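[1] output the structure for:
(chains A and B)
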There are 2 protein chains.
Amino acid sequence: MGTQPTLEDIRQAHTRIKPFIHNTPVLTCRAIDDMLGATLFFKCENLQKVGAFKIRGACNAVYSLSDTDSQNGVAAHSSGNHAAALALAGQWRGIKAYVVMPENSSAVKLKAVAGYEAEIVLCKPTLEAREETLDGVVQSTGAAVIHPYNDYRVICGQGTAALELCEEIPGLDTVMAPVGGGGLLSGTAIAVKGLSPQTEVIAGEPERADDAYRSLKAGRIIPVEDPDTIADGLLTSLGDLTFPIIDRHVKDIITVSEEEIVAAMRLIWTRMKLIVEPSASVPLGAIMRRPQDFAGKRIGIILSGGNVDLDALPWIGQEAGHGN
Amino acid sequence: MGTQPTLEDIRQAHTRIKPFIHNTPVLTCRAIDDMLGATLFFKCENLQKVGAFKIRGACNAVYSLSDTDSQNGVAAHSSGNHAAALALAGQWRGIKAYVVMPENSSAVKLKAVAGYEAEIVLCKPTLEAREETLDGVVQSTGAAVIHPYNDYRVICGQGTAALELCEEIPGLDTVMAPVGGGGLLSGTAIAVKGLSPQTEVIAGEPERADDAYRSLKAGRIIPVEDPDTIADGLLTSLGDLTFPIIDRHVKDIITVSEEEIVAAMRLIWTRMKLIVEPSASVPLGAIMRRPQDFAGKRIGIILSGGNVDLDALPWIGQEAGHGN
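    Now for the predicted structure:
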């Protein structure tokens, strides 16, 4: 698996992708600070291209390929933000992107990926079907596979968000990110620990998809079984490249209930006027659950993305519609 | 009424309020640019303190008062963002703020104003009752009245948003703002024309509250009758201080239907991941209505505010709740 990437690798990734991505703003909110007794700095990757940090990793991976290795295009299976990110990065480089998507993907997501001129290959909505279909695509096209998180090029790309955050806001006590497959968290941990070893890295994870929490406690990867959370970006399990980095650098993983995720999301919408997806709200939910652990601290939070269905918000249920 | 303010007055206001307010980010969106064939720069006053540009004018007015003139506090009637802004500015200066609010104000708004330690005086929800109640407050307290828009100190404060925008993004062909009472638009016009005389200033206004459009055509103030628009920040009519500035500097006012306002709002939410209120969406609605007039141009847009009721979004009706 090779040596774990270092801060220097993340700096190289940053140089590579900087012309293409937004250096997203870091925003603060006095009302939330007062409520929690801490000072929070939100790195707004919801305002990033494709609406999520995922473009950083996809862009770094696509531009890390040699001309020869990229000539047959790139491929991945994904039903989420990685699909759109890989499609856009492929469009930028002028190479073909093949995206295997489950046939029950939402129309919105399919449209977004198609809008970036990717070739969409539909399959049955099972992991087995997705992997088999991707294998078939690779065999027939020769495309290079870009895994959504278990890939050092992707991990280093995702780490550039924390690099920008820590360089803009020095002296953070803690940096927090959500954890699903661990691409964002492992890249964040390498960047933060490389720049500032005394800064703690802590993740938030949904209770209902708590494989990273359990894996960290056990010291080995324990895949998630039947994950079921509103934080749909965090359904995946750690990979064999992300786990060792997280195991080495991440101090703690705090699990958060569905209600806490929605409360944190609504707080960000209401007070910060930012549209964030449930996954992005998990770290704030962790602070709201254990405010005493964070009191008085300067905390950076990666707001990972903002892709939500505006017609199906978690606080507007069927009942709300009936009652009015 | 005195001489109209100049760019220099807006610069002084900026120096005065800069320690208190956010220099809000200017964001761009490739997808919207591609859709409209123009290059748009959004000045995000929805991310401003109190969630709207209104804090700029209120803060400038409050800090323009001498110690003597401010010792009995400040007062206004308002059911909207000016109430919260005046309350917060009063809190900053350590003086009392009296806010006359109609008794049918939403609980959310009352709570926000009360949270800034203002003294709320409730009255019947008519303009007459609001003015009478405010007169009573002033007589009994000696507080200084800060009008929400027909006040040069407020106008100059509001103009600082455009000042920041034009200094950060030089060479704009057009700057756009919404128009209600005209405080934001007149301040914007003075800043823009002072910095860059060749830049056009254009406003967006709801068709259902089109007094500024009709006033500009007629060359005199024509107050709005029975305004009824989702853009609840734009229900007021121009004042005798804002009208002459707008008449002098503003090239055009484009009226926008309710459907166009909602479409523009939803586009900003979906593509930019920003929560903006309907009023803030009116200028983009104007461009979407007449894209041929704006093709190829570099356009600055003041996104005026982001205070919306998340439980009552315009695209989620009763029907939507029933059907799902």
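[2] beyond the helix or strand A:Gly285 falls within, next helix or strand please.
    Assigned by DSSP states H and E, A:Gly285 belongs to helix A:278-289. Once helix A:278-289 ends, the next helix or strand along the chain (criterion: DSSP H and E) is helix A:291-294.
[3] between helix A:278-289 and the following helix or strand past that next one, find me the angle.
    As assigned by DSSP H and E, the chain's next helix or strand after helix A:291-294 is strand A:298-303. Here strand A:298-303 runs at 150 degrees with respect to helix A:278-289, directions being taken by axes from the mean of the first three to the mean of the last three CA atoms, to 10 degrees.
[4] given strand A:298-303, what are its sheet partners and their directions?
    Sheet partners assigned to strand A:298-303 using DSSP bridges are listed as strand A:39-44 (parallel), strand A:174-178 (parallel).
[5] who's in contact with the closest residue to chain B within the stretch 151-300 of chain A?
    Residue nearest to chain B within the stretch 151-300 of chain A: A:Lys273 (3.5 Å; CB to the nearest CB). To be clear about C-beta, it is placed using only N, CA and C from the backbone, and glycine gets the same treatment. By CB atoms under 8 Å, 6 or more residues apart in numbering or on different chains, A:Lys273 lies in contact with B:Asn46, B:Leu47, B:Gly51, B:Leu274, B:Ile275, B:Val276, B:Gly306.
[6] for A:Arg220, same thing?
    Contacts of A:Arg220 (CB under 8 Å, 6+ apart): A:Phe243.
[7] now do the phi/psi pair for it.
    phi -150, psi 160 (degrees, to the nearest 10).
[8] coming back round to it: report all helices and strands that the helix holding A:Gly285 contacts.
    Counting contacts by 3 or more CB pairs under 8 Å, 6 or more residues apart in numbering or on different chains; DSSP states H and E, helix A:278-289 is packed against helix A:30-36, strand A:174-178, strand A:200-206, strand A:252-256, helix A:258-267, strand A:298-303.
[9] now stretch A:99-119: buried residues?
    Across stretch A:99-119, burial judged by 16 or more other CB atoms under 10 Å in any protein chain shown covers A:Val99, A:Val100, A:Met101, A:Pro102, A:Ser105, A:Lys109, A:Leu110, A:Ala112, A:Val113, A:Tyr116, A:Ala118, A:Glu119.
[10] give me the subset of these that lies in strands.
    Counted as lying in strands by DSSP state E, out of the buried residues of stretch A:99-119, are A:Val99, A:Val100, A:Met101, A:Pro102, A:Glu119.
[11] how about the nearest residue to the fourth one, chain neighbours excluded?
    If you skip the residues right next to it in sequence, A:Pro102 has A:Pro125 as its closest partner in space, 3.6 Å away by CB to CB, 6 or more residues apart in numbering or on different chains.
[12] give me the element A:Pro244 is part of.
    A:Pro244 belongs to helix A:242-249, assigned by DSSP H and E.
[13] for that helix, name the packing helices and strands.
    Short answer (3+ CB pairs under 8 Å, 6+ apart): helix A:242-249 packs on helix A:183-195, helix A:211-218.
[14] deepest of those helices, which one?
    Highest mean neighbour count of the helices and strands packed on helix A:242-249: helix A:183-195, a mean of 29 (counted as mean count of other CB atoms under 10 Å in any protein chain shown).
[15] which strands or helices does that helix pack on?
    Against helix A:183-195 (3+ CB pairs under 8 Å, 6+ apart) you get helix A:7-17, helix A:152-168, strand A:174-178, strand A:200-206, helix A:242-249.
[16] from these, which stretch is densest packed?
    Mean neighbour counts for the helices and strands packed on helix A:183-195 (mean count of other CB under 10 Å) peak at strand A:174-178, with a mean of 28.
[17] the stretch 151-300 of chain A against chain B: which residues are in contact?
    For the stretch 151-300 of chain A, the contact set with chain B under CB under 8 Å from any CB of the partner chain comprises A:Arg266, A:Trp269, A:Thr270, A:Met272, A:Lys273, A:Leu274, A:Ile275, A:Val276.
[18] do you know the pLDDT at the third one?
    The reference is to A:Thr270. A:Thr270 carries a pLDDT value of 95.
[19] nearest residue to it in space, ignoring adjacent ones along the chain?
    Nearest non-adjacent residue to A:Thr270, counting by CB to CB, 6+ apart: B:Leu310, 6.4 Å away.
[20] that neighbour touches A:Trp269, doesn't it?
    Yes - in this structure B:Leu310 lies within contact range of A:Trp269 using CB atoms under 8 Å: 6.0 Å.
[21] spatially nearest residue to A:Leu274, not counting backbone neighbours?
    Here the residue nearest A:Leu274, using CB to CB, 6+ apart, is A:Ile268, at 5.6 Å.
[22] tell me the contacts of that neighbour?
    A:Phe42, A:Leu274, A:Val276, A:Ala280, A:Ser281, A:Leu284, A:Leu303.
[23] same check on A:Ala85?
    A:Ala85 neighbours (CB under 8 Å, 6+ apart): A:Val50, A:Ala52, A:Lys54, A:Ile55, A:Gly57, A:Ala58, A:Cys59.
[24] picking up where we left off before, what sits closest to the residue of the stretch 151-300 of chain A closest to chain B if chain neighbours are left out?
    Nearest to A:Lys273 is B:Gly306, by CB to CB, 6+ apart, at 3.5 Å.
[25] pLDDT wise, what is that neighbour at?
    Reported pLDDT for B:Gly306: 96.
[26] kindly report the same for the one 3 residues further on.
    Model confidence at B:Asp309, given as pLDDT, is 90.
[27] count the residues that sit near the closest residue to A:Phe243 other than its chain neighbours.
    Leaving aside its chain neighbours, A:Phe243 sits nearest to A:Ile221 (5.1 Å; criterion: CB to CB, 6+ apart). Close neighbours of A:Ile221, defined as other CB atoms under 10 Å in any protein chain shown, add up to 19.
[28] just A:Leu127 next, same as before
    Based on other CB under 10 Å, the number of other residues close to A:Leu127 is 10.
[29] how close does it sit to chain B?
    28 Å (CB to the nearest CB, to the nearest Å).
[30] what are the phi and psi values at that residue?
    Per-residue torsions, A:Leu127: phi -60, psi -40 (degrees, to the nearest 10).
[31] re the thing from before, which two in the contacts of A:Lys273 are spaced the farthest apart?
    For these, the farthest-apart pair by CB to CB is B:Gly51 and B:Leu274; their separation is 11.5 Å.
[32] neighbour count for those two, which is higher?
    Counted by other CB under 10 Å, B:Gly51 and B:Leu274 do not tie: B:Gly51 has more neighbours, with 27 against 24.
[33] show me what contacts the more buried one?
    Residues in contact with B:Gly51, defined by CB under 8 Å, 6+ apart, are A:Lys273, B:Asn81, B:Ala84, B:Gly305, B:Gly306, B:Asn307.
[34] the same query, at a cut-off of 6 Å, please.
    A:Lys273, B:Gly305, B:Gly306, B:Asn307 (CB atoms under 6 Å, 6 or more residues apart in numbering or on different chains).
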